[in-house]
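Engineer: Sequence and predicted structure are below.
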Amino acid sequence: MRLYEPSVLDKIGLAIIGEKPQHGFAVSKALETDPSLSAVLRARRPLVYRSINSLVEAKLIRESKTEPGDQGSRRVVYAITATGKNATAKWLNATVDHPRDARIELLAKFVLRSRRKMKNQQLAMRQKRVFERQASNLQVAANSTTDDARLVSLWRVETINAMIRLLKAV
């Protein structure tokens, strides 16, 4: 049996449903129309519905009611469960482990925290410390390697240093 590990889209959808109960179309619309969210992630509607089904199966959200849809079919409205609230709070407060996760996951956390009127400074400072340790290790590796591998290492060092500068600005 495979354990369910929520995707970043699952976590974003869970956080959106955690703001207020809503149907899948509303979640998809929020991802399309919120300028900050749409700059971070673009997800086609079928992926959003698949994500919602995964969240229901994982008991992170539940069907709370149905309401008439614009096209005649009824829409299921989903509400977050206590387990889902706990998972969202934990995720919104956690740093990312790898710089590659900053582009979507960390930015999404900042946007979703702002939508909830949460301050981002503490998360940014914790994340900065994580990246500073990684940058230091990468710099040591860059200094001890040669040729093409050095170019890649230096690229990674500069990329993470740019993220550190941005996190300082937060």
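Structural biologist: Good, I have the coordinates.
Engineer: mind checking the SS state of the residue nearest the centre of the chain?
Structural biologist: When CA atoms, centre = their mean is applied to the chain, the residue found nearest the centroid is residue 105 (3.5 Å). For residue 105, the reduced secondary structure class is helix; criterion used: DSSP: H, G, I helix; E, B strand; the rest coil.
Engineer: which ones are touching it?
Structural biologist: Counting by CB atoms under 8 Å, 6 or more residues apart in numbering, residue 105 makes contact with 8, 11, 96. Any C-beta I mention is one placed from the backbone N, CA and C, and that applies to glycine too.
Engineer: contacting residues around residue 97?
Structural biologist: Residue 97 touches residue 130, counting by CB under 8 Å, 6+ apart.
Engineer: mind running it again at 6 Å?
Structural biologist: For residue 97, no residue counts as a contact, taking CB atoms under 6 Å, 6 or more residues apart in numbering as the criterion.
Engineer: Can I take it that it is in a helix?
Structural biologist: No: the assignment for residue 97 by three-state DSSP gives coil, which leaves it out of any helix.
Engineer: Now do it against residue 21, distance only.
Structural biologist: Per CB to CB, to the nearest Å, residue 97 is found 32 Å from residue 21.
Engineer: which residues of this protein score low on pLDDT?
Structural biologist: Within the chain, the stretches with pLDDT under 70 are 1-2.
Engineer: before we move on, back to that, among the contacts of residue 105, who's most crowded?
Structural biologist: Comparing those by number of neighbours (other CB atoms under 10 Å), residue 11 comes first, having 21 neighbours.
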